[in-house]
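# With the sequence up front, the predicted model follows.
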Amino acid sequence: MTAAKGGIVPQEEIGNVATPPFVRLPSLTSAFQRRATRASQLAAQQKPLEGFLLFVSALARAQHAALGKLPAGTLPGQQEIFERRKRGAAALASDGLWSDPTWTVALDAILESMAPVEKPEAAEAARRRLVGMAVPERQELARRVLDFDLSAEERALTPYVAAALQVHATRMASLIDAQDIGPEEVTSLCPVCGSPPVASLLHTMGNLQNTRFLSCGLCGSEWHCVRVKCSNCASTKGITYQVIEGQSDAVRAETCDECKTYLKIISLEKEPDAEAVIDDLATLGLDILVSEAEWQRLAPNPLLTFGDA
Amino acid sequence: MGVMNVTRRQFFRYTGTAVGASTLSALGFSSDAAVAAVRPFKLAQAKETRNTCPYCSVSCGIIMYSRANPASGKSEIFHIEGDADHPVNRGTLCPKGSALLDFVNSKTRTQYPQYRGPGEKAFRRVTWDFALDRITKLMKEDRDKNFIEKNQAGTTVNRWTTTGFLAASATSNETAFVTYKMVRSSGMVVFDNQARV
């Protein structure tokens, strides 16, 4: 430090406010491995969800393995992303995700990896049904998985299809340039792939400290969103943080009284190993209590969907 | 507000019944235990509120955490931190700002006006009306006595130098404007701001 020698602190050493980036893209090497580790870690703590979390952990390992089997793909160029973002649309076209046959390569890889995994009969039946499914039927299913528009008998197929779409979308997202995703508009949907957030994360490290990012349930990108503000309707009034009484407040439900929706907010200070997709699944109990009170979720976790029940 | 709306979907309720008919049970996992596990519990609420640090003119953004006291039911602040989204301080606070929680909950915090008349031994609690009337009356008396309309050369100066005014720092532009106009139009020249304390 120059100041210690009695001089004036140079301009570049002072006034550097820690401005968080607008978007954080997923890391291809660790995204699914972190989920696999976290899911088995939480399976040991969450007895009622143990079986499901172990299944999800195996699924995440299969997702990681599938990454290496994907064929070379095509990314939108800088100009194309710029044009899309200018219109308020996501950087990756939403129809590109289900219509691109790349994801079905991921699906086949996942279905193969999941074959020897111990699971209930219904889960195995769903896996076998997908193995024999033709591409057009798979694409139609994928389109509806992305829209959360599924019939009751398709619910067992969702985790496999969603997992394959996550692999495809995560790879695309990790390869584009974060600089191209301009902060044109902060939206309730992912600026990279257009999917709804699965949860939000309160970060601790470096220039992210105490800032909140919404975490995409599909491509794993995170985008900055001001705290104490509804991520759905942007209201700053009537925001409340709810936890299950007497339990950890590392994951809280941020409820909005204006639009009656909620999104979970996960503190990485209180739970440094937390991962948005997995910790959301593991705190299903909070969803039940909050939903039975009066708030609704903008979208379910892609790995745990609901029909029109 | 520039927020994309989700129009192609309905919202979702994760009620116990819905969880019973979700992917969880469709895959063959039991959802009953997960639903039963939360039945004995209820929700606890907390609030986070944005505000401005009252100490100085830098006006750092803060977030105040509050929740209801289980005994009294009254809302109580239990944590204050710098607002990372605020462009001025980006989450940082100086030592004074960091100690705001103790300032808010301080037992010696001024909450109401007190008065000790001439010759009286102790302070007694008075109403805000009493305090404001008394201050106004004393200001008027002092101004009537010491106001300087013209200096020795006979030039109009309209000075009131025997009373000063200390204004708050964390005020809005509008409050600052009105304060300035009020103080200066009275002729008061001793005028400062809490921002420098």
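Received, thanks.
# mind listing what the residue of the stretch 51-200 of chain A found nearest chain B touches?
Closest residue of the stretch 51-200 of chain A to chain B, CB to the nearest CB: residue A:120 (2.6 Å). Any C-beta I mention is one placed from the backbone N, CA and C, and that applies to glycine too. Counting by CB atoms under 8 Å, 6 or more residues apart in numbering or on different chains, residue A:120 makes contact with A:51, B:27, B:28, B:29.
# so how far is the helix ranked longest in chain B off the chain centroid?
For chain B, the longest helix by residue count, based on DSSP state H, is helix B:128-146. Distance of helix B:128-146 from its chain centroid, counting by CA atoms, centre = their mean, to the nearest Å, is 27 Å.
# which strands and helices sit next to that helix?
strand B:114-115, strand B:156-167 (3 or more CB pairs under 8 Å, 6 or more residues apart in numbering or on different chains; DSSP states H and E).
# between the longest one and helix B:128-146, how many degrees?
Think strand B:156-167. Per axes from the mean of the first three to the mean of the last three CA atoms, to 10 degrees, the angle that strand B:156-167 makes with helix B:128-146 is 150 degrees.
# got a list of contacts for the least confident helix or strand in chain B by mean pLDDT?
Every helix and strand in chain B was compared by mean pLDDT, DSSP states H and E; the lowest is helix B:16-20, with a mean of 85. With CB under 8 Å, 6+ apart as the contact definition, helix B:16-20 has outside contacts at A:284, A:287-288, A:291-292, A:306, A:309, B:12, B:25, B:31-32, B:34-35.
# repeat for stretch B:73-91
By CB under 8 Å, 6+ apart, the list of residues contacting stretch B:73-91 reads A:17-20, A:209-211, A:226-227, B:47, B:50, B:58-69, B:92-93, B:97, B:100-101, B:104-105.
# same check, this time on stretch B:143-153
So stretch B:143-153 is in contact with B:156, B:157, B:158, B:159, B:160, B:161, B:162, B:163, B:186, B:187, going by CB under 8 Å, 6+ apart.
# burial count for the residue of chain B found nearest chain A?
Here chain B gets closest to chain A at one residue, residue B:28, 2.6 Å apart by CB to the nearest CB. For residue B:28, the neighbour count with other CB atoms under 10 Å in any protein chain shown is 18.
# now it, nearest residue through space, not along the chain?
residue A:120 (2.6 Å; CB to CB, 6 or more residues apart in numbering or on different chains).
# Now the one you found, what are its backbone angles?
phi -60, psi 160 (degrees, to the nearest 10).
# rewinding a little: and of the contacts of stretch B:143-153, the nearest to residue A:147?
residue B:186 (67.4 Å; CB to CB).
# right, and the closest one touches residue B:159 too?
No: counting by CB atoms under 8 Å, residue B:186 sits too far from residue B:159 to count as a contact (10.4 Å).
# Where does pLDDT dip in chain A?
A:1-6, A:13-18, A:183-186, A:307-309 (pLDDT under 70).
# Contacts only, for the residue nearest the centre of it.
The C-alpha lying nearest the average C-alpha coordinate of chain A belongs to residue A:217 (CA atoms, centre = their mean; 2.4 Å). Taking CB under 8 Å, 6+ apart, we find residue A:217 in contact with A:195, A:196, A:197, A:198, A:276, A:277, A:299, A:301, A:302.
# before we move on, back to that, pLDDT on the longest helix of chain B, on average?
Here helix B:128-146 scores 97 as its mean pLDDT.
# What of stretch B:105-118?
Here the average pLDDT along stretch B:105-118 is 93.
# Distance across that stretch, terminal residue to terminal residue?
32 Å (CA to CA, to the nearest Å).
# Just give me the neighbour total for residue 21.
This is for chain A. Other residues near residue A:21 number 17, with proximity taken as other CB under 10 Å.
# if you could check chain B rather than the one you did, that'd help
17.
# In what element of secondary structure is residue A:110 found?
Counting by DSSP states H and E, the element that carries residue A:110 is helix A:102-114.
# sorry, that was for residue A:285
helix A:284-293.
# Is any residue of that helix near chain B?
Yes: Helix A:284-293 comes into contact with chain B (CB under 8 Å from any CB of the partner chain), by way of A:284, A:285, A:286, A:287, A:288, A:289, A:290, A:291, A:292, A:293.
# Check which helices and strands that helix sits against.
Applying 3+ CB pairs under 8 Å, 6+ apart, one finds that helix A:284-293 contacts strand A:239-244, strand A:251-256, helix B:16-20, helix B:32-38, strand B:43-52.
# The nearest residue to residue B:128 once chain neighbours are set aside: what's it in contact with?
Setting aside the residues directly before and after it, residue B:128 is nearest to residue B:113 in space (CB to CB, 6+ apart), at 6.2 Å. Neighbour list for residue B:113: B:125, B:126, B:127, B:128, B:130, B:131 [criterion: CB under 8 Å, 6+ apart].
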